[in-house]
Structure formats: structure tokens, C-alpha cells
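Sequence and predicted structure are below.
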Amino acid sequence: MNPYVLAILLSSLGLGTTLTFASSHWLLAWMGLEINTLAIIPLMAQHHHPRAVEATTKYFLTQATAAAMIMFASTTNAWITGEWDMNNMSNPLASTMIIIALALKIGLAPMHFWMPEVLQGLDLLTGLILSTWQKLAPFALIIQTAQAIDPMLLTALGVTSTLVGGWGGLNQTQLRKILAYSSIAHMGWMIIILQYAPQLTLVALGTYIFMTSAAFLTLKTSSATKINTLTMTWSKSPTLTATTALLLLSLGGLPPLTGFMPKWLILQELAKQSLPITATIMALAALLSLYFYLRLCYAMTLTISPNTTNSIAPWRTQTTQSSLPLALSTSIALGLLPMTPAILMLTT
């Protein structure tokens with residue numbers, strides 16, 4: 001892609017998200033979301049592969065539906081209350097439509113069906129943007145309108161997402177689909193705690209972004225898109241494989257790694273709010289996610305690729321990719337756990 005076009009598209013992504021962050025008026029927030037969507041569509045379709053075009057079309061139709069629902073809900077609210085202000089969502093119908101539309105935007109279950117299919121059709125860098133940056137603007141709107149949303153609806157969305165994210169990833173062999181179901185499960189953890197401790201939602205979102213960025217960049221460096229490709233990585237770069245195994249276990253929430261921190265804090269808060277059954281279901285759903293991360297770790301570290309090839313072995317070719325973003329994101333993703341008290345102080 002032309003670097004000037006790429007710069008314009010990435011700037012538009014930043015502009016759309018910033019506009020949504022800064023607005024308290026529904027029309028401006030909607031405009032920010034639309035700029036965001038329109039900026040990522042050329043990035044998704046840039047390879048002109050049938051799968052990429054199919055993924056782009058699915059994403060566009062889904063996001064257009066969600067944007068139309070947001071516009072309809074905000075117009076309904078303005079018609080009833082006379083205000084476009086986000087903090088004045090007094091109409092239950094409008095607030096319910098808003099949360100459903102935003103759940104569709106970020107891929108919360110049961111509005112998640114587009115997410116694995118779309119991510120599977122993209123290259124890893126665009127998939128990284130879709131899994132991290134594209135979550136920020138809808139999440140800002142969800143946090144701003146959380147006080148007007150029915151608590152039972154948020155809890156149902158959270159529990160359903162963690163269960164679907166765990167079950168859906170069990171039978172997958174494609175790494176991008178596994179990361180899509182991982183994203184759905186993590187979104188469920190963030191949504192369920194939103195009504196009780198919004199700062200924990202931000203902590204979980206931040207750790208998720210760092211861990212997912214490191215995971216996508218690792219797969220990009222290894223050129224891996226399927227589980228059986230991972231069996232070659234130990235011969236290619238043992239150090240990267242060791243850190244990747246830790247990273248995947250961290251995504252699963254295994255102590256004493258970084259991913260354990262938000263899950264632990266969220267379960268603790270749910271217990272404080274006298275919701276032991278919900279906390280138990282969430283913890284059991286986390287075990288489902290951990291199982292498919294363990295499968296990936298097993299493939300990477302405990303198996304040797306059985307096939308021989310006559311072509312140049314992949315570990316003998318030099319990569320031209322920059323390793324700095326990968327090193328930074330991996331270091332942050334693996335080293336944040338001791339910083340938990342400082343992170344909590346900053347967010348409260």
C-alpha cells in the first residue's frame with residue numbers, strides 16, 4: 001500500500017477514536033465510530049484475496065448495522081428527553097438498544113458471530129488493529145453510559161461472552177480464530193465488572209491490549225496461522241518460543257503471570273458484591289480458555305514437527321521485520337504483575 005494512503009488511513013483511525021473519546025454528544029460519537037470503521041476497511045481489503053474481501057464485507061455490514069442502531073437509539077432518546085447528551089440516557093429502551101449496538105461493535109456474545117470469521121480473513125497486523133484499537137471507541141461509550149444500563153443485561157452479556165469465548169476456542173486449529181474467541185472471552189470479563197468497578201474494566205482492557213499485541217506480533221514474526229505451524233517455532237527461535245508460551249498462559253490467566261491480575265481483581269470484586277455464583281461461573285469459564293492456550297503451548301514446546309521438506313528451512317532465512325514492538329509489548333505483557341498496586345492507585 002502507498003505509504004501516504006497508509007498514513008491517511010492510520011491518522012483517520014486515530015481521529016475517529018479520539019473524536020469518540022472527546023464527545024459527550026451522541027451525533028459526534030457516532031461520527032467518530034463511522035470514521036473509525038471507514039478507515040479500517042481499506043486496510044482489511046488491501047490484499048484483494050477473496051477471504052479478505054469477504055471478511056471486509058461482513059465487517060462493514062455488521063458495523064453499519066450497529067451504527068444504525070446507535071443512531072436510532074440516540075434519536076429515540078433525544079425525541080423523548082429533548083437532549084443528545086450521553087450522560088442523560090433516562091429512557092430504558094434507548095439505553096438497551098445502545099448497549100446491544102455497542103456489544104455488536106466489539107463482538108460480545110451473543111452478537112459475536114462476525115468476529116471469528118472476519119479475523120480469519122485478515123492478515124495478522126490488520127487483525128491486531130481490529131482486536132485492540134477498534135475496541136477502544138465503543139468501550140469509551142459503554143463506560144460513559146454504564147450507569148443507565150440494566151445490571152442484569154450487563155451480567156448476562158459478560159457471562160455469555162466468557163462461556164462462548166471458552167467453548168468456541170476449544171475445537172479450533174486456526175490461530176486467528178483462537179485469538180478471536182480469546183477476545184470475546186476477555187470482553188466478557190471487562191463487561192461484567194463495569195457496573196461495580198469501572199477502573200477494573202480499564203485495567204483488564206489495558207492488560208488485554210498489551211498481551212494480544214504481543215501475541216499477534218509473535219505470530220507475525222513466526223509467520224504462523226495454524227497450530228501445526230507452531231511446531232516449527234522451537235527450531236526457529238527458542239527464546240521467542242519460550243516467551244510466547246508464557247504469553248499464551250498469561251492470556252489464559254494462569255498465576256503468577258500478568259493475565260492473572262485482572263481476573264483475580266474482578267473475581268475479588270464480584271465476591272465483595274455478594275455474587276459468588278457469578279464469580280464461580282466466570283472462574284470455570286476461564287479454565288475453558290486456559291485449556292486451548294495450553295494446547296498452543298504444547299504444540300510449541302513439547303512437539304517436534306514430523307515432516308521434512310526439500311525447501312529452505314524457515315529458521316535459516318533472516319527476517320526483515322522490526323523486533324522492537326514485539327520486544328516492548330512482550331516485556332510489558334510479562335512484567336506488569338508486580339506493578340498491580342501502582343496500577344490500582346493510578347486508576348482509582
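Yep, it's here. Numbers count the residues shown, from 1 in each chain.

Residues in contact with stretch 63-80: which ones?
26-27, 29-30, 33-34, 37, 83-84, 88-91, 93-95, 97-98, 100-102, 104-105 (Cβ atoms under 8 Å, 6 or more residues apart in numbering). C-beta: built from backbone N, CA, C; applies to glycine.

mind redoing it with 6 Å?
26, 30, 33-34, 37, 84, 89, 91, 94, 97-98, 101, 104-105 (Cβ atoms under 6 Å, 6 or more residues apart in numbering).

how far is the lowest-mean-pLDDT helix or strand in the chain from where the chain is centred?
None of the helices or strands of the chain scores lower by mean pLDDT, DSSP states H and E than helix 233-236, at a mean of 77. Remark: helix 233-236 is offset 27 Å from the chain centroid, using Cα atoms, centre = their mean, to the nearest Å.

Please identify the buried residues of whichever helix or strand comes after it?
As assigned by DSSP states H and E, the chain's next helix or strand after helix 233-236 is helix 238-252. By neighbour count on 16 or more other Cβ atoms under 10 Å, the buried set for helix 238-252 is 240-241, 243-252.

sorry, back to before: of the contacts of stretch 63-80, which is the nearest to Asn171?
Nearest to Asn171 among the contacts of stretch 63-80 is Leu104, at 24.1 Å by Cβ to Cβ.

per-residue pLDDT, the closest one?
Confidence at Leu104, expressed as pLDDT, is 95.

Skipping its backbone neighbours, what lies nearest Ile149 in space?
Nearest residue to Ile149, sequence neighbours excluded (Cβ to Cβ, 6 or more residues apart in numbering): Ile99, at 5.0 Å.

Then Arg295?
Ile227 (7.1 Å).

what do you get for Asp85?
Ser24 (5.9 Å).

For the helix or strand Ala94 falls within, enumerate the helices and strands it packs against.
Taking DSSP H and E as the criterion, Ala94 maps to helix 92-106. Counting by 3 or more Cβ pairs under 6 Å, 6 or more residues apart in numbering; DSSP states H and E, the packing neighbours recorded for helix 92-106 are helix 50-81, helix 133-145.

Not counting its own residues, what contacts the last one?
Think helix 133-145. 17, 20-21, 29, 32-33, 36, 86, 89, 98, 102, 105-106, 198.

mind checking pLDDT for the residue lying closest to Val53 once chain neighbours are set aside?
In space, and not counting its chain neighbours, Val53 is closest to Ala45: 5.8 Å by Cβ to Cβ, 6+ apart. pLDDT for Ala45: 93.
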